[in-house]
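Asker: next one to model:
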Amino acid sequence: MYTRHALVDTVLGEVTVVASDEAVVGVYFPHHWYMPAVDSLGTRVEVQGDALLEAARTQLTEYLGGDRTAFDLPTATNGNPLQEQVWAILREIPYGETTTYGEIAERLGDKALAQAVGQANGHNPISIIVPCHRVVGKSGKLTGYAGGLKRKQFLLELEEPEQLKAAKLF
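Answerer: Numbers count the residues shown, from 1 in each chain. Below you'll find the model as predicted:
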């Protein structure tokens, strides 16, 4: 297994992108709540010398610049069964839409799982690409984000439908 990482400059600050073999397995912000141990990130490499990491950088840049609405990268996660179920649901949330922890819990068949959904959401290892930022509190309020609430707000505003953006101008 060939695990490596690169630092990528973005409008949200420097992110660490981690790849293992032919899949992106991590996207982490500085001060990320659940950053893995540095020795588990593999060798630090330059983005330019790694086709997968270069593709990840390009797609992140395009997305954060408003020029991309979906990612086309191979990804892999290694969570427990509940985490994997939650992350699969996160992948299904369309660009520009949000859901709540409770709604995900209901999809899993038990509304009482909302807190566990929140924990799984917070442990999502592939921020942005697996869009955990699209999950909000029951009242629509921004709640925790492992990369920080300012970043979550930026991402949600980036994805805000044009008609809502236009309506805010008046």
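
Asker: name the residues of stretch 134-148 that are buried.
Answerer: Buried residues in stretch 134-148, counted by 16 or more other Cβ atoms under 10 Å: 134-136, 143-148. For every residue, glycine as well, the C-beta is placed using N, CA and C.

Asker: what about the helices in the chain?
Answerer: Along the chain, counting by DSSP state H, helices occupy 51-64, 81-92, 101-107, 114-122, 149-159, 162-168.

Asker: thought Gln83 was touching Thr77?
Answerer: Yes - between Gln83 and Thr77 there is a contact under Cβ atoms under 8 Å: 7.5 Å.

Asker: against Leu82, how distant is the residue nearest to Gly118 when sequence neighbours are not counted?
Answerer: In space, and not counting its chain neighbours, Gly118 is closest to Tyr101: 4.9 Å by Cβ to Cβ, 6 or more residues apart in numbering. Separation of Tyr101 from Leu82 (Cβ to Cβ, to the nearest Å): 13 Å.

Asker: between those two, point out the one with more neighbours.
Answerer: Between Tyr101 and Leu82, counted using other Cβ atoms under 10 Å, Tyr101 has the larger neighbour count: 23 against 14.

Asker: I'd assumed Val117 was in contact with that one.
Answerer: Yes - at 4.6 Å, Tyr101 counts as touching Val117 under the criterion of Cβ under 8 Å.
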